[in-house]
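# Model the following, please.
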Amino acid sequence: MSIVRRLYEPHTHPLARVVHGLPTSWDQCIAAVKFPTSIDATAWSPCGNFIAVVWGRSKATIEILDGPTLRRSVTLEFPMGELRLTRWLIFSPDTHLLTWLGGTPTEFVSWDVRTGALFSNISTERPKHTVDRLSATYSPCGTMFGVLFLGDLTSSISTYNVLNGTHISSHSIDGSALDEIWTHGECLRFATTKSNSVTTWEVGFTSTHAPTAVESLPIPGDSHHTGHLSLHPTLSRVAFTSGRTVKVWDALGSKFLLESEHDEWPIRTSFSLDGRFLACGTRGSEFYLWKETPTGYIPLRKLISNAWTSKPLFSPSGESIIAFGDSVLKLWRTTDPTSPLSTVSTQVSQKSEKNFIVVFSPDETLVAVTRMEDKTIMVLDLRSCFSRLIIDTGLKIYGVGVTGSTIVVVGDGQIVSWTIPAGPNPLNLRVNVTDSVRTTPFNHPPFPTSAPRPITSVSPDLRHAAITEHGHTGSHLHLYDVYTGDCLASVPMGLETSPWFTPDGRKVWCVTDGGEAESWGITEDRESGITNLKHLESTIHPPHGFPWGPSHGYSVLGGRWVLNSNGKRLLWLPPYWQLDGWDRMWDGRFLALLDRELSEPVILELEV
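The predicted structure follows:
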């Protein structure tokens, strides 16, 4: 309803059409950044303008990102030392200092964020009988911080002076402590659970006296079965997981504000600072977001984090939220309206750890979609968006080839072909192996099913199948005849990767993520009838990118903008799809976006 839309809508026309995919595949993440290795900890600054991220194992690196955009601004250098185990990050109240907590023995390193210079380095022995789980908070004046050391049997709390790098005091904790610590006035507080209650404790930053209990909240009897529990002390609310259910208990009103059951196991819950929002990570590739209403918490949206997610972390204002999975950090707005892209989905697949196999026909009329080692494959009509054929192959699929009239599936020890019916067909017409037109077993050497994940590519003309075998004796590339099952040639290869035929079917490429490439030409001696693989001169990348550049001149600028042959911007890719070009595959004017943790690939047709 914006002024810009009303002004320009009469002059626009669709630049992309969704052929296949789910609305949830087009995530509403507004920014994302990928790091070379896994992320270990993140922290918002109190002002909400900065996000600190620590990544790396043998040599940890800390980067300060711009909160609204995730653009990198400052990199902090660790002092020289041995292997560090990252655990926790925390900003001082004025955002001038950033403190990292971790290491063995315990090490607390602080930097001046304004200059990037090292401010202090505190080294101390880790309390006995505690595990490597920490939580920390700064004093209001920013000169001291408290650390909660969490253990399976016992926990403890210690305070330190960040100005002179000294230890102030330590206290042991009775009961099971929650992994949260916060500042309250001039003191720090933490909570423990015992029986059917949550008790809040308080201790001064410089106090030598034991913590004192200040409040005890009753909680439901099933909360002690939870895998994780979060407390909002100001509102006297407790969020916890019980099996596959997420619950929020209002201790003052003695009622549940949320009871939500999910397919994926919930593992981490967190409240926004003001309690307006609740987030919960799962063991799947998503986390859930709820919003407070007068009647309780209602679902706001489901967000995709693309890995076993960390605990979602709200900004101080609650208007933004970040989560990381492995090496990718993603940012969402909690206040943005939900407006998923309208898509057409003909078949919903289950999430899987296996890669998609997506193959377009040379005439750009059909596309075959399946997953590696699945037994069912769908042939989708690119014009109508309807499935032309669904095949229950009865064997694990390793490779596929498709033309306008034929589909070839390479599976366990055999090559099976089906005829694709011409003309309009019923939606989701199903066939099986008894409806095939030809089944050809692999001759010597047999199909290498004993090797881990033999990967196959079928030539566009359906004549040849290239199979890479990665075993104990090294990596090999085999070339088979699709019609006879004969192995025509076998050569050793130096790369453990997938094979790809060139569009003319005369070359086979193998390319790694790092850009290393090997290629072979297919040569045929007409007199002897012998076919060979001739190793070609190495290059950095095959022509026009990987797997193959679009034949109509489309490209992606800076990983973000899809351009046509004239350089016109047609489509802005959402942040997740900006991260890795290997998850994008072209065929003419069609763009396939692939991620194995989503239930389906997204297939777009440009300039329709």
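
# Please tell me how far D274 sits from F256.
Applying C-beta to C-beta, to the nearest Å, the value for D274 to F256 is 20 Å. From N, CA and C alone the C-beta is placed, and that goes for glycine too.

# can you check D363 too?
Look at D363 and F256: by C-beta to C-beta, they are 58 Å apart.

# Over to S120?
According to C-beta to C-beta, S120 and F256 sit 45 Å apart.

# G553 too?
Taking C-beta to C-beta as the measure, G553 falls 57 Å from F256.

# May I have the lowest-mean-pLDDT helix or strand in the chain as CSV, with CA atoms only?
Ranked by mean pLDDT, DSSP states H and E, the weakest helix or strand in the chain is helix 575-578, scoring a mean of 77. The C-alpha trace of helix 575-578 is given here as CSV (Å, rounded to 0.1, in the frame of the first residue of the first chain):
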residue,chain,number,x,y,z
PRO,A,575,19.8,-13.2,1.9
TYR,A,576,20.0,-16.9,2.3
TRP,A,577,20.3,-17.5,-1.4
GLN,A,578,23.1,-14.9,-1.6
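
# Run through who's touching it.
In this structure, residues lying in contact with helix 575-578 by C-beta atoms under 8 Å, 6 or more residues apart in numbering are 27, 29-32, 304, 306, 328, 330, 559-560, 583-584, 593, 595.

# Grab the two from those that are most spread out in space.
Distances among the contacts of helix 575-578 were taken as C-beta to C-beta; the most separated pair is I30 and R584, at 19.7 Å.

# what's the domain layout of this structure?
Following automatic domain parsing, the chain resolves into domains at 1-27+549-608, 225-312, 356-547.

# Comparing those by mean pLDDT, which bottoms out?
For those, mean pLDDT drops lowest on domain 1-27+549-608, to a mean of 81.

# would you list every one of the strands in the stretch 51-200 of the chain?
Shown for the stretch 51-200 of the chain, the strands assigned by DSSP state E, counting those that start in this stretch span residues 61-66, 72-76, 86-91, 97-102, 106-112, 118-124, 133-138, 144-150, 155-161, 166-173, 176-184, 187-194, 197-204.

# List the buried residues for the second one?
What that stands for is strand 72-76. V74, L76 (16 or more other C-beta atoms under 10 Å).

# what's the nearest residue to S317 if we skip its chain neighbours?
Closest residue to S317 apart from its sequence neighbours, by C-beta to C-beta, 6 or more residues apart in numbering: G48 at 5.5 Å.

# Show the contacting residues for the one you found.
G67, S315, P316, S317, S320.

# what's the answer for G494, then?
Contact partners of G494, counting by C-beta under 8 Å, 6+ apart, are S475, E518.

# cool, the one 5 residues further on as well?
Under the criterion of C-beta under 8 Å, 6+ apart, the contact partners of P499 comprise I455, T456, S457, A466, I467, T468, L477, V508, W509, C510.

# I'd like to know which of those residues is nearest to S384.
S457 (27.3 Å).

# I figured the closest one was touching T497, is that so?
No. Applying C-beta atoms under 8 Å as the test, S457 and T497 come out as separate, 11.1 Å apart.

# Which one's more surrounded, those two?
Higher neighbour count among S457 and T497: S457, with 24 against 19, using other C-beta atoms under 10 Å.

# so which helix or strand takes in the more buried one?
strand 455-458 (DSSP states H and E).

# Which other helices and strands does that strand contact?
Secondary-structure packing of strand 455-458 (3 or more C-beta pairs under 8 Å, 6 or more residues apart in numbering; DSSP states H and E): strand 399-402, strand 406-410, strand 464-471, strand 499-501.

# centre of the chain versus the shortest one, how much separation?
When distances are taken as C-alpha atoms, centre = their mean, to the nearest Å, strand 499-501 is centred 27 Å away from the chain's centroid.

# repeat for the third one
Using C-alpha atoms, centre = their mean, the mean C-alpha position of strand 464-471 is found 29 Å from that of the whole chain.

# Need the phi and psi values for the nearest residue to G67 once chain neighbours are set aside.
Once flanking residues are discounted, G67 sits nearest to N49: 4.9 Å by C-beta to C-beta, 6+ apart. The phi/psi pair for N49 (degrees, to the nearest 10) reads phi -90, psi -10.

# N49: what's it in contact with?
D66, G67, P68, T95.

# Look up how far D112 lies from the last one.
I take that to be T95. 11 Å.

# Likewise for the first one?
Per C-beta to C-beta, D66 is found 18 Å from D112.

# now A32
28 Å.

# So between these two, which is more surrounded?
A32 (21 against 15).

# hmm, who's touching whichever strand or helix holds the more buried one?
Assigned by DSSP H and E, A32 belongs to strand 31-34. Residues from elsewhere that reach strand 31-34 (C-beta under 8 Å, 6+ apart): 65, 68-70, 72, 327-331, 575-576, 578-580.
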